[in-house]
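Chemist: I'll drop the sequence and a predicted model, then ask my questions.
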Amino acid sequence: MRIVGLTWTVFRLPLRVPFRTATSAFVHRDGILLRLATDAGIVGLGEASPHPALGPQGVREALRALERVEERALGAEAEELPDIGADIPPALACALDVAACDALAQAQGISVARLLSADAHEIVPVNATIGAATAAGAAAEAAAARDAGFQCVKLKVGMAATPATEAERVAAVRRALGPHIKLRLDANGAWSREQAVSTIRALASFDLELVEQPVPANDVEGLACVRAAVRVLIAADEAVTNAEAARRLLEAGAADILVLKPMVVGGLRPACRIRELAAAAGAECIVTTTIDSGVGTAAALHLAATLPEPARACGLATRSLLAGDIVRDPPAAHSGQMLLPDRPGLGVELDEKLLSQFAISEGQVMA
C-alpha cells in the first residue's frame, strides 16, 4: 500500500487547569494532526504533539521537518515509514508511524493493537494522575480517583520545599486512597542521587508500587545506584528516548520498568522494539501518553494492549486534563480501565468541526 498524499493541521488544545510537574508547567497542548492518504483509498491518522517540556520549539522543529518528510513519504510503502524518520523529531516520526499503522490495520480490518501483536488484549488498566501541589488538594484528587474506580494512582512529586512537606502530601494521598489502591510516585528527575535514596526510603512505608524517574534522565549510573539502594521498584521515564537508550538502561541495571511514550520514542513499532528488549532483560514496560489528543491517546492505548498480561496500569487516562479534543468520543477511562475501540485501525473518528475550532496557523507556532 503506497502513500499518495500527506496533509496536516496544527492545533492547540487548552487544558482545564495548568498542569505542573517538578520540571515544567503548561496550559495548553500544541500538536500536528497528520492525514496519510494511500493508493487503496484509505486515510490513516497520526498525531505529532512533542513533549510539553519542549515548549513551542518542539512543534516548530516538527513543522520544519515536514517538507523533507513529505518528499520521502510520497510513493513509499506504508510498511517502510519507520525507516525514513531517523533524522526527524520523534513526535513527527510517531505521527507517521501511527498513521501508517492506522492505514495498514484498516486495510486488514483489524485493530492497530492486533497489527502490532497477535496476542493483544481488549482491556487496559489505567492509572489516575494527581498533580495538585498541596496535601489537601492532592488528597481531594485522590479521593475523586478512588470514587471513580481507579485501582492505581500516580502522584507527581519532587515539587515540595522540604522532605517533611513531601511526606505530608504522600501521606494525605495514601489516607484518601486507603490501603488497597496502588500508589506510584513520579519525580520527573527532580532529585539528586542522595535525595532520591533518602526520600524513597522515607516514603516506602506508604506502600509504593514504584517510583518513576527519581533522578535526571541523563544520569543512568545514578538511576542504577538508586535502584540498588532501595526496595521500591524503579521506573525509567524521561530516560527512555529510543531503543539504544533503553538498551543502556537495561545493561546498567538502572530500571525495573521502562515507560514507553510513543511521542518520545518515535512511534508504535519503535516502542514495540523497546518492549522486546525489556522482555529479554526481564524488565517490564508501561505505556503513557504525553497528554495527547484522542488520536495520540488511541495510539498509546493500542500499544498498551500489546503488553504481556498481567500488565501494570498505564498512564492513558489524560482526557480529563484537556478542555477539548479533535475526535468524536475519544478513548476514556471507566472504572480504572480503557477498552479498545471496536472499529478497525485506531478506531477513532476525526471531528472536522472541532479540528477547525482548535486549529491555529503555522505562523502562530513559528513566531
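Modeler: Received it, and whenever you're ready, just let me know what you need.
Chemist: how about the helices in the stretch 1-150 of the chain?
Modeler: Along the stretch 1-150 of the chain, counting by DSSP state H, counting those that start in this stretch, helices occupy 56-73, 90-108, 112-116, 135-147.
Chemist: who's in contact with the third one?
Modeler: The contact list for helix 112-116 (C-beta atoms under 8 Å, 6 or more residues apart in numbering) reads 98, 101-102, 104-105, 108, 120-121, 268-269, 272, 298-299, 301-303, 305-306, 340, 345-347. Bear in mind the C-beta positions are built from the backbone N, C-alpha and C, glycine included.
Chemist: Same check on the first one?
Modeler: Contacts of helix 56-73 with the rest of the structure, by C-beta under 8 Å, 6+ apart, involve 3, 6, 8, 10, 30-32, 36, 48-51, 81, 84-85, 88-89, 91-92, 96, 362, 365-366.
Chemist: In strands, which of these fall?
Modeler: Taking DSSP state E as the definition of strands, these contribute 3, 6, 8, 10, 30-32, 36, 48.
Chemist: among those residues, which ones are buried?
Modeler: Buried by 16 or more other C-beta atoms under 10 Å: 3, 6, 8, 10, 30-32, 36, 48, out of those.
Chemist: Determine which two of the ones in strands among the contacts of helix 56-73 are furthest apart.
Modeler: Largest separation among these by C-beta to C-beta: Ile3 and Asp30, giving 24.9 Å.
Chemist: how does this protein divide into domains?
Modeler: 3-109+350-366, 116-346 (automatic domain parsing).
Chemist: and these as JSON lines, adding mean pLDDT?
Modeler: Shown next, in JSON lines, are the domains of the chain (pLDDT from 0 to 100):
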{"stretch": "domain 3-109+350-366", "mean pLDDT": "90"}
{"stretch": "domain 116-346", "mean pLDDT": "97"}
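Chemist: any idea which of the helices of the stretch 1-150 of the chain is most buried?
Modeler: Most buried of the helices of the stretch 1-150 of the chain by mean neighbour count (mean count of other C-beta atoms under 10 Å) is helix 90-108; its value is a mean of 27.
Chemist: can I get the CA coordinates of that helix in CSV?
Modeler: Extracted in CSV, the C-alpha atoms of helix 90-108 (Å, rounded to 0.1, in the frame of the first residue of the first chain):
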residue,chain,number,x,y,z
PRO,A,90,10.5,11.8,17.4
ALA,A,91,6.9,13.2,17.7
LEU,A,92,6.8,13.6,13.9
ALA,A,93,8.2,10.1,13.4
CYS,A,94,5.5,8.9,15.8
ALA,A,95,2.8,10.6,13.7
LEU,A,96,4.0,9.0,10.5
ASP,A,97,4.3,5.6,12.1
VAL,A,98,0.9,5.8,13.7
ALA,A,99,-0.8,7.0,10.5
ALA,A,100,0.8,4.1,8.6
CYS,A,101,-0.3,1.6,11.2
ASP,A,102,-3.8,3.0,11.1
ALA,A,103,-4.0,2.6,7.4
LEU,A,104,-2.5,-0.9,7.4
ALA,A,105,-4.8,-2.1,10.1
GLN,A,106,-7.8,-0.6,8.4
ALA,A,107,-6.9,-2.4,5.2
GLN,A,108,-6.8,-5.7,7.1
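Chemist: quick one, what contacts the residue sitting nearest the centre point of the chain?
Modeler: When C-alpha atoms, centre = their mean is applied to the chain, the residue found nearest the centroid is Thr289 (2.2 Å). Going by C-beta under 8 Å, 6+ apart, Thr289 touches 261, 263, 296-297, 300, 315-316, 318.
Chemist: how about those in JSON lines, adding secondary structure and neighbour count?
Modeler: Formatted as JSON lines, the contacts of Thr289 follow (DSSP: H, G, I helix; E, B strand; the rest coil; neighbours: other C-beta atoms under 10 Å):
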{"residue": "Lys261", "secondary structure": "coil", "neighbour count": "25"}
{"residue": "Met263", "secondary structure": "helix", "neighbour count": "30"}
{"residue": "Gly296", "secondary structure": "helix", "neighbour count": "31"}
{"residue": "Thr297", "secondary structure": "helix", "neighbour count": "27"}
{"residue": "Ala300", "secondary structure": "helix", "neighbour count": "29"}
{"residue": "Gly315", "secondary structure": "strand", "neighbour count": "25"}
{"residue": "Leu316", "secondary structure": "coil", "neighbour count": "25"}
{"residue": "Thr318", "secondary structure": "coil", "neighbour count": "23"}
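Chemist: still on that earlier bit, got the helices of the stretch 1-150 of the chain as JSON lines, with distance to Ser205 columns?
Modeler: Formatted as JSON lines, the helices of the stretch 1-150 of the chain follow (distance: least, C-beta to C-beta, whole Å):
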{"stretch": "helix 56-73", "distance to Ser205": "39"}
{"stretch": "helix 90-108", "distance to Ser205": "38"}
{"stretch": "helix 112-116", "distance to Ser205": "38"}
{"stretch": "helix 135-147", "distance to Ser205": "16"}
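Chemist: Okay then, goodbye and thanks.
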